[in-house]
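Asks: Quick one: sequence plus predicted model below, questions after.
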Amino acid sequence: EAGDGSSVPRMYVEMLEQPAAVERALRGRLDDRFGTAHLGGLNLDARELRAIRRVKMLGCGSAYYVGQMGAALVEELARVPADAEPASEFRYRNPIIEPDTLYVAVSQSGETIDTLLAVEEIRRKGGRVIGLVNVVGSAIARACDGGIYLHAGPEVAVASTKALTNMYVAFALLALQLGRVRDLSIADGKRLVNALAALPAKIDEVLKLEDRIAEIAGDLAGAESMFFVGRVRGYPVAREGAQKLKEISYRHAEAYQTSELKHGPLALISPDVPSIAIVPDDELTERNVAALHEIAARGGPLVVVTHEGVDLGELDVRRIDVPRLERELDPILLTVPLQLLAFHAAQSLGLDIDKPRNLAKSVTVE
Ligand code: AGP
């Protein structure tokens, strides 16, 4: 209950809990002397970690999108090929289960049936699966060979926020530990350990942008349809942003790779179709800004989630500047404003944010 007697949506409370939730996920797991992470629950020693040739993330909905972010982290830091797939699809295509692949089941509830059945299928065929799970002792946690608990605390709102953030943190820890027994340098390891330690404070800074984001969200809520666009690291961020908006505000939102716009969807851009563009300060900034010009030239309103100092030229955009940290952690700092955006869009429409229509917190039947 808020001080004025009105009730505060759980989603809101859980968004604000993120800095504390991240601190819990990091507690006792960072090693700044050797620039690595210690994840005892993996049940994998250094020799077994070195023998991994591929990493595959499996999850549903937002857990799958964070799995995509996690795959990018593992490739970047550990230089092991990694990808993500919806657990709901994986099992139905008779997947090839490889003994030197590490499978990672990603689930807040630990009860999502599609993810659980994927785990069972992998184990039946002799594969090794670890779980990134929030609920201790849940079905998926029990079915896996080992894992990383998220320690996000109870998450009640259907629209997941803090559990997703902690999934990202768990992936960063996994990538760090995997990287450091391969060829990630101690200097890079330490750089990441320090960045992770600073993450809760940076998330707090993003949460302070709420008023500005709420104002933008109020305007966006009037649009029937919009695009979320991003490239490479920014693409799963766009997917998660679109997902959150759809779930609680019932606006149509489509995520696209910015680079693919000109191959089709640009035809839909008009003054009635806003785009929310993810434009971090990285090696793709220039290419991203060029695409923003294409959108602007067709009259498409633009909201740009970016870093302070990124030069967007003469473009007429509404920008949301997130703090800088290390580029590997950009995706999570770019995701938090999109949670606030979805929340405030839904709130301005007067919707029941914790009980979105047609959705359940966890999907336990096929
Ligand atoms: C997230 O906001 C969604 N409600 C949904 O996509 C969710 O992430 C998905 O159903 C997976 O749930 P899980 O993490 O409990 O397995």
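Replies: Yep, it's here. Numbering: from 1, shown residues only.

Asks: Next one: residue 340 relative to residue 183, how far apart?
Replies: From residue 340 across to residue 183, the span is 38 Å (CB to CB, to the nearest Å). For every residue, glycine as well, the C-beta is placed using N, CA and C.

Asks: Looking at those two, which has the bigger crowd around it?
Replies: Between residue 340 and residue 183, counted using other CB atoms under 10 Å, the more crowded position is residue 340 (24 against 9).

Asks: Which residues of the stretch 201-350 of the chain lie near the ligand?
Replies: When proximity is defined as CB under 6 Å from any ligand atom, the stretch 201-350 of the chain approaches the ligand at residue 247.

Asks: tell me the contacts of the spatially closest residue to residue 52 that is not a sequence neighbour?
Replies: Spatial nearest neighbour of residue 52, chain neighbours left out: residue 102 (4.7 Å); criterion: CB to CB, 6 or more residues apart in numbering. Each residue near residue 102 by CB atoms under 8 Å, 6 or more residues apart in numbering is listed here: 44, 52, 54, 55, 56, 128, 130.

Asks: element containing the second one, please.
Replies: Meaning residue 52. Residue 52 is located outside every helix and strand, with elements delineated by DSSP states H and E.

Asks: now the fifth one
Replies: Under the criterion of DSSP H and E, residue 56 resides in strand 54-59.

Asks: the strands in the stretch 101-250 of the chain, which residues?
Replies: With DSSP state E, counting those that start in this stretch, the ranges of strands along the stretch 101-250 of the chain come out as 101-107, 128-133, 146-149, 225-230.

Asks: Now do the longest one against strand 54-59, angle only.
Replies: Between the direction of strand 101-107 and that of strand 54-59, the angle (axes from the mean of the first three to the mean of the last three CA atoms, to 10 degrees) works out to 20 degrees.

Asks: Just the CA atoms of strand 101-107, as PDB, please.
Replies: The C-alpha trace of strand 101-107 is given here as PDB (Å, rounded to 0.1, in the frame of the first residue of the first chain):
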ATOM      1  CA  THR A 101      27.500 -28.800 -25.200                       C
ATOM      2  CA  LEU A 102      26.400 -27.200 -22.000                       C
ATOM      3  CA  TYR A 103      22.600 -26.700 -22.000                       C
ATOM      4  CA  VAL A 104      21.300 -23.900 -19.800                       C
ATOM      5  CA  ALA A 105      17.600 -23.900 -18.800                       C
ATOM      6  CA  VAL A 106      16.500 -20.400 -17.900                       C
ATOM      7  CA  SER A 107      13.300 -19.900 -15.700                       C
END
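
Asks: ok, it near the ligand or not?
Replies: Yes: contact of strand 101-107 with the ligand (CB under 6 Å from any ligand atom) involves residue 107.

Asks: dump the residue contacts of the closest residue to residue 143 other than its chain neighbours.
Replies: Of all residues not flanking residue 143 in the chain, residue 119 sits nearest, at 4.7 Å (CB to CB, 6+ apart). When contacts are counted by CB under 8 Å, 6+ apart, residue 119 is found next to 58, 103, 105, 129, 131, 140, 143, 144.

Asks: make it 10 Å
Replies: 58, 87, 91, 103, 105, 107, 127, 129-131, 139-145 (CB atoms under 10 Å, 6 or more residues apart in numbering).

Asks: again with residue 273
Replies: With contact taken as CB under 10 Å, 6+ apart, residue 273 is in contact with 223-227, 252, 254, 265, 295, 298-301.

Asks: Give me the pLDDT value at the residue in the stretch 201-350 of the chain that the ligand sits nearest to.
Replies: Proximity of the stretch 201-350 of the chain to the ligand (CB to the nearest ligand atom) peaks at residue 247, 5.6 Å away. At residue 247, the model reports a pLDDT of 96.

Asks: Which pLDDT value goes with whichever residue of the stretch 151-300 of the chain sits closest to the ligand?
Replies: The ligand sits closest to residue 160 of the stretch 151-300 of the chain, with a gap of 3.8 Å, by CB to the nearest ligand atom. Reported pLDDT at residue 160 in the predicted model: 97.

Asks: Count the neighbours of residue 47 for me.
Replies: Around residue 47 there are 8 residues (other CB under 10 Å).

Asks: Quick check: pLDDT value at it.
Replies: 96.

Asks: how near is it to residue 182?
Replies: On the measure of CB to CB, residue 47 and residue 182 end up 12 Å apart.

Asks: and what of residue 35?
Replies: Note on residue 35: its distance to residue 182, by CB to CB, is 13 Å.
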